[in-house]
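Participant: Generate coordinates for the sequence data below:
(4 chains)
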4 protein chains.
Amino acid sequence: MIVILKPEATDALVNDIVSQIEALGLQAHLSRGQFRTVIGVVGEEAKVDAEHLKAITGVEQVLPIMKPYKLASREFHKDDTIVEIPCPNSGVVLVGGNNCVAIAGPCAAEDEAMVHQLAREVKAAGATVLRGGAYKPRTSPYSFQGHGEEALKWLKDAGRENNMPVITEVMDTRHVATIERYTDIFQIGARNMQNFNLLFEVGRTRKPVVLKRGLAGSIGEWLMSAEYVLSQGNRDVILCERGIKTFETTLRYTLDISAVPVAKQLSHLPVIVDPSHAAGDRQYVPSLARAAIAAGADGIMVECHDCPSKAMCDGPQALLPETFSELMKQLAAIAQVLGKRFTETPTPRNQGMPVGHNVF
Amino acid sequence: MIVILKPEATDALVNDIVSQIEALGLQAHLSRGQFRTVIGVVGEEAKVDAEHLKAITGVEQVLPIMKPYKLASREFHKDDTIVEIPCPNSGVVLVGGNNCVAIAGPCAAEDEAMVHQLAREVKAAGATVLRGGAYKPRTSPYSFQGHGEEALKWLKDAGRENNMPVITEVMDTRHVATIERYTDIFQIGARNMQNFNLLFEVGRTRKPVVLKRGLAGSIGEWLMSAEYVLSQGNRDVILCERGIKTFETTLRYTLDISAVPVAKQLSHLPVIVDPSHAAGDRQYVPSLARAAIAAGADGIMVECHDCPSKAMCDGPQALLPETFSELMKQLAAIAQVLGKRFTETPTPRNQGMPVGHNVF
Amino acid sequence: MIVILKPEATDALVNDIVSQIEALGLQAHLSRGQFRTVIGVVGEEAKVDAEHLKAITGVEQVLPIMKPYKLASREFHKDDTIVEIPCPNSGVVLVGGNNCVAIAGPCAAEDEAMVHQLAREVKAAGATVLRGGAYKPRTSPYSFQGHGEEALKWLKDAGRENNMPVITEVMDTRHVATIERYTDIFQIGARNMQNFNLLFEVGRTRKPVVLKRGLAGSIGEWLMSAEYVLSQGNRDVILCERGIKTFETTLRYTLDISAVPVAKQLSHLPVIVDPSHAAGDRQYVPSLARAAIAAGADGIMVECHDCPSKAMCDGPQALLPETFSELMKQLAAIAQVLGKRFTETPTPRNQGMPVGHNVF
Amino acid sequence: MIVILKPEATDALVNDIVSQIEALGLQAHLSRGQFRTVIGVVGEEAKVDAEHLKAITGVEQVLPIMKPYKLASREFHKDDTIVEIPCPNSGVVLVGGNNCVAIAGPCAAEDEAMVHQLAREVKAAGATVLRGGAYKPRTSPYSFQGHGEEALKWLKDAGRENNMPVITEVMDTRHVATIERYTDIFQIGARNMQNFNLLFEVGRTRKPVVLKRGLAGSIGEWLMSAEYVLSQGNRDVILCERGIKTFETTLRYTLDISAVPVAKQLSHLPVIVDPSHAAGDRQYVPSLARAAIAAGADGIMVECHDCPSKAMCDGPQALLPETFSELMKQLAAIAQVLGKRFTETPTPRNQGMPVGHNVF
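Facilitator: Modelled structure (predicted):
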């Protein structure tokens, strides 16, 4: 941590701050320049709360040197984490390292037949994980809010029928136990990236968590939210970029494609992309999905529907299964350019591919 | 709702859309221009889901004419809502119309003595509502998370001692019942503006709710979140602007001062401002607080601390009580310029001032 | 154009607006709903200035249906424009349609030897256009401002030696004539996207123009700026996305990858991407460049330097020529997935490839 | 400057960087922590270009301690600069310190009569400087671009008639000399905040410059642009906040009210606010104008028109003169709360009020 004092800081103040730092068992290195006095703090940075120093009169800035997240940090865990998602019947789906995942399915699980139908279609096209919403976060209290536990059953059955792990969103700490009985992966939506109690709760389960980036979440805050989950002992966090709010409003959100390489540089966790919510318009989904894989993402999560204009939510962004199928061919070819691959069938557990978090 | 078709829309498609609209009991007014066909939909707009139309091939844009919120809308409720907050011992604090409120207190309730001390100080300076955190949303899982129920007791006692209603943040649906026993006003923090289940829960209580605007929340989304609370029968919602995320990072957030007159134009609900979290730095808090009242806000919520460098959270933004006291004098003078006033002592219930939601 | 009136609009006001519209030779279609009166304006939209209607008391909103740009619009020019850049000695470089371009070179032309050296290196790696700055826009008045006309000579010579067209930035209307004598392509930098007089001036030349998107430029405003150039008769505009300002500050700017497919959907003009300025850090340039081509961009523009730590400007973002060479192989493979190609040698003029603007 | 090395930086690299720093006549203070090596650079920071160090392999971050602007900095010039604007006939208008200025007039000077009429009206309401556009920056090439030199004459005459200094926008380096003959103050518009050559040109004149903040300009970049003008010897720069681009689009721009106290803290230059362009809608202009003065701004610049629906540009944001007159009364009362005042008649030159830049 670097403490920069205001030009008018007196010797007495400088000494006082140095004493406070040393009292914490840290070393203070003083540099007096012509215009500024700077104190370098050496030792375990986490011991001193930057806010305390920043609140002292005479301190101009406090610059942290270390990242505030540890378990999520590439610095403390050099190798890529490869998350291993158990399939309902046999084998696992790997995410991270050289393994790209394709997660697909409807926005909302609307009825049993459509869930089964779409599961078969997206599997045929190359998806290995099935997505579907049971509890839907809706901007309006008057919109369809999801079919709840019933929808969870449809999803679990469809997953079993196709040997696909299922992912669904959890929005409320009170739902974690119920959803855990049905789902294979928890999804934390963008609006809940900083719902800290919810993060703690899914951190206490032992199911993988896809953590979407909030609409105003900086990459640092996103990794701090991952740290919430990791700090509870759940090491299987997959980051998911899905667009941020900016002044550009032609599409619903602005996909921050740079977040893919940046998050992968700062963290060892896998990073996937949701082009459907970023665009909000199906005609742009393939372009963004290709960009995601080309940028180095470890997979994509897309919404499909057989009849988008009848979808109970987010119809405008749903791909037709045949478009998704064409897209998967392009994505596979782009992954290959980067030395990565989409697996179409589950990998037998503990075989073939290195599993990252053994060395975590 | 206005439906704009793509230039290449065929007659068959146009007819199909018109049929769909009429089947819903609405009228479709067709205008064929040289370059575009436009369909005006007349009737109860809420009956047609814009997304369904947007998802149809051949539709270029769907432009809603009506606001998606109703109970929160100025259009359906012309007069200002004046929220009436009962004081612990006697009287009420009014917010809205010509009544400005000053809410002050520590970021976190750190211990019993400090809560009582600060309550006395902020009351002496002119605050009529006491704020204090018991459950703290923190970016890092390793930071102080609040003293929980014990802190709620300190706050309730300090409120009673000073006849000040107390406001505290609720972050988890599981905490609503407990917090309801202690607090007079629920605060929904910026990170939970779209925690829809939490909004439903506080909507089912009968205590006023201060709803902070999310860091990426548009004004429309903020009013939709208010609609969540109102739709459950709780009419006492106070909106609170506290800064949004923008490219400007000198201060922690960018206070959107225009949100004050805009929200008051679109909605009848009172709008207050939290300059402390917007600035994150105490030297800018008075300036932003003055701007808030001058822009027409119905009050402010500020953080105070007797020794900011020892504060357990957000010390850099805490005002010293004496600075707050000076500030209150300026705010009272500015309110007067707008024909408004800060009340220093609670108003007897149902007396003196019109109470807006009787006519709601 | 759709005019939405305020709920309180009187019949007299409605009639008045209708008269104004009809007086302009347009038709007004009136729809009276329960809550709003809406006027659809049919005819040549450009005849009525939306601002005039918006300024009338009683008007709530004016929604344009047509795009405000015409020459830049895909609607008026269905086919992709393919810009043909003449090479100094023979042949042309094509940009657009299925033709991807790689533009590379130093940020600033620092001295004659380095320009020649880098030109040879980037050409060997697959670039077909040489970039280099002679007049540099610098945030600080104390920074190196470029070598001016001398640098233009070095660039022209290096271009001739390698049969590569040269692109350089123009910042001042007074420099257009001088730069025109040396350069093959004008670059309008992000800070000048709305320097309207400069756009008019380059529009009056007959050399292609690469128009960078401004840091706060919406896609619509960017196309309006292209319209400035096109309106003067210069049809050879290439759009260049280079990152926008958002709250995310880990990298210098946020590359808006969606802008590529969106601009190509709205306009027939070629769209390229500058990943160097977007990232500001060379380690992220390859990832963003791959994403650009995968998203459908018609090329990239990157900065290279043999010794980035000695670069006179923007060293941190300069690729080493060998990294650029590796990158070009990946980009060629990704382009192929989309059915596009990077040409390594200039195409003979008017041969082999369709040239879009013949049909403009 | 603080240089933070990557965790893997070798001793050899550390020594190399230290040597480079010492070779520049600076001192390098090395701190080796458990996780990072940090080098504090003591001496004249401007001598080392941060980019050079950032471009070195092994360097993670370079943190400047000093602000990059000097002449604009409060650190080098403690007292408020008070800009003194000579009036056409006698006296001066002061801006800064305790002196607030009201600048008002039409968006564009549309014809001679309207300019004279509005000048009289805004003067009667309390404005002391007349604004009016002769060269208009327009998003569309097909919109009205201003009446040019003829409009400059109308403005000069109207200024003389009312003893009001005139301000008008300059957009092109080629127009500086012409405009200088007519205007008393140059306005640099938001789109030209980083038109560096234009800044140099107005810096070489001896007329005050109102420098608007760019739509994507950080406060630091804005002050660097002021530095461009100051560096040429023109000390009379007035900063003008007019809204930035954010995700919130209900109004045209987001007025960054915090920029007022922040810019005044970082710089000694006066800061005014343009609420008209920020809002783009006249109903919000008074609210934002009051907030500006309450936040500590040294004045406002607003657009007025006698018949907004007939205005040739920006009609929706123009205040009627009578509304402006009412507003001025509120602003005067708010200024008084802060110990400041709007002067209604010009101050005799060098009398009464201290003039800041004498001590510059």
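Participant: Report pLDDT for residue A:318.
Facilitator: Looking at residue A:318, its pLDDT reads 93.
Participant: so how far is residue B:51 from it?
Facilitator: 10 Å (C-beta to C-beta, to the nearest Å). Placement of C-beta: from N, CA and C, glycine included.
Participant: where do the contact lists of those two overlap?
Facilitator: residue A:311 (C-beta atoms under 8 Å, 6 or more residues apart in numbering or on different chains).
Participant: Same drill for those two, tell me which one is more crowded.
Facilitator: More crowded of residue A:318 and residue B:51, by other C-beta atoms under 10 Å in any protein chain shown: residue A:318, with 26 against 19.
Participant: Quick one: residues contacting the more buried one.
Facilitator: Contacts of residue A:318 (C-beta under 8 Å, 6+ apart): A:106-107, A:276, A:282, A:303-305, A:308, A:311, B:55.
Participant: What are the boundaries of the helices in the stretch 251-360 of chain A?
Facilitator: A:259-266, A:275-279, A:285-295, A:321-337 (DSSP state H, counting those that start in this stretch).
Participant: Tell me what angle the third one forms with helix C:259-266.
Facilitator: In other words, helix A:285-295. If you take axes from the mean of the first three to the mean of the last three C-alpha atoms, to 10 degrees, helix A:285-295 sits at 150 degrees to helix C:259-266.
Participant: residues of helix A:285-295 that come out buried?
Facilitator: Buried residues in helix A:285-295, counted by 16 or more other C-beta atoms under 10 Å in any protein chain shown: A:285-295.
Participant: Kindly report the residues of the stretch 101-250 of chain A close to chain C.
Facilitator: Residues of the stretch 101-250 of chain A lying close to chain C (C-beta under 8 Å from any C-beta of the partner chain) are A:216, A:218-220, A:244, A:246-250.
Participant: Columns secondary structure, distance to residue A:65 and neighbour count on top of those residues, output as TSV?
Facilitator: Compiled in TSV, these are given as follows (DSSP: H, G, I helix; E, B strand; the rest coil; distance: C-beta to C-beta, whole Å; neighbours: other C-beta atoms under 10 Å in any protein chain shown):
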residue	secondary structure	distance to residue A:65	neighbour count
A:216	coil	25	25
A:218	coil	18	20
A:219	helix	17	22
A:220	helix	14	18
A:244	strand	26	25
A:246	coil	29	26
A:247	coil	32	24
A:248	coil	34	23
A:249	coil	37	15
A:250	coil	39	18
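Participant: wait, doesn't residue A:235 sit right on residue A:84?
Facilitator: No - taking contacts as C-beta atoms under 8 Å, residue A:235 lies outside contact range of residue A:84: 10.5 Å.
Participant: Excluding chain neighbours, what is closest to residue A:253?
Facilitator: Nearest non-adjacent residue to residue A:253, counting by C-beta to C-beta, 6 or more residues apart in numbering or on different chains: residue A:243, 2.8 Å away.
Participant: The one you found contacts residue A:259, doesn't it?
Facilitator: No - counting by C-beta under 8 Å, residue A:243 does not reach residue A:259; the two are 9.7 Å apart.
Participant: In the stretch 251-360 of chain A, what residue comes closest to chain C?
Facilitator: Proximity of the stretch 251-360 of chain A to chain C (C-beta to the nearest C-beta) peaks at residue A:294, 3.5 Å away.
Participant: Could you list the low-pLDDT ranges of chain A?
Facilitator: A:45-47, A:349-360 (pLDDT under 70).
Participant: could you redo the last one with a cut-off of 90?
Facilitator: A:1-2, A:6-13, A:16-68, A:75-76, A:139-140, A:142-144, A:308-315, A:343-360 (pLDDT under 90).
Participant: Which positions in it make contact with chain D?
Facilitator: Residues of chain A lying near chain D by C-beta under 8 Å from any C-beta: A:2, A:4, A:7, A:29, A:31-36, A:38, A:40, A:42-44, A:63, A:65-66, A:75, A:245-247, A:249.
Participant: Please, a PyMOL command that selects the buried ones among the residues you listed?
Facilitator: Applied in PyMOL, the following selects the buried portion of the residues of chain A next to chain D according to 16+ other C-beta under 10 Å:
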select buried, chain A and resi 2+4+29+31+33+36+38+40+42+43+63+65+66+75+245+246+247
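Participant: Among the residues of chain A next to chain D, which ones are in strands?
Facilitator: Among the residues of chain A next to chain D, the ones falling in strands (DSSP state E) are A:2, A:4, A:29, A:31-32, A:38, A:40, A:42, A:63.
Participant: Count the neighbours of the nearest residue to residue A:346 once chain neighbours are set aside for me.
Facilitator: Excluding its sequence neighbours, the residue lying closest to residue A:346 (C-beta to C-beta, 6+ apart) is residue A:91, at 3.0 Å. Each residue near residue A:91 was counted by other C-beta under 10 Å, and the total is 20.
Participant: which residues sit in contact with the nearest residue to residue A:292 once chain neighbours are set aside?
Facilitator: Spatial nearest neighbour of residue A:292, excluding adjacent residues (C-beta to C-beta, 6+ apart): residue A:273 at 3.5 Å. Neighbouring residues of residue A:273 by C-beta under 8 Å, 6+ apart: A:240-242, A:255, A:260, A:288-289, A:292, A:297, A:299-301.
Participant: and the two most separated of those residues?
Facilitator: A:255 and A:299 (14.8 Å; C-beta to C-beta).
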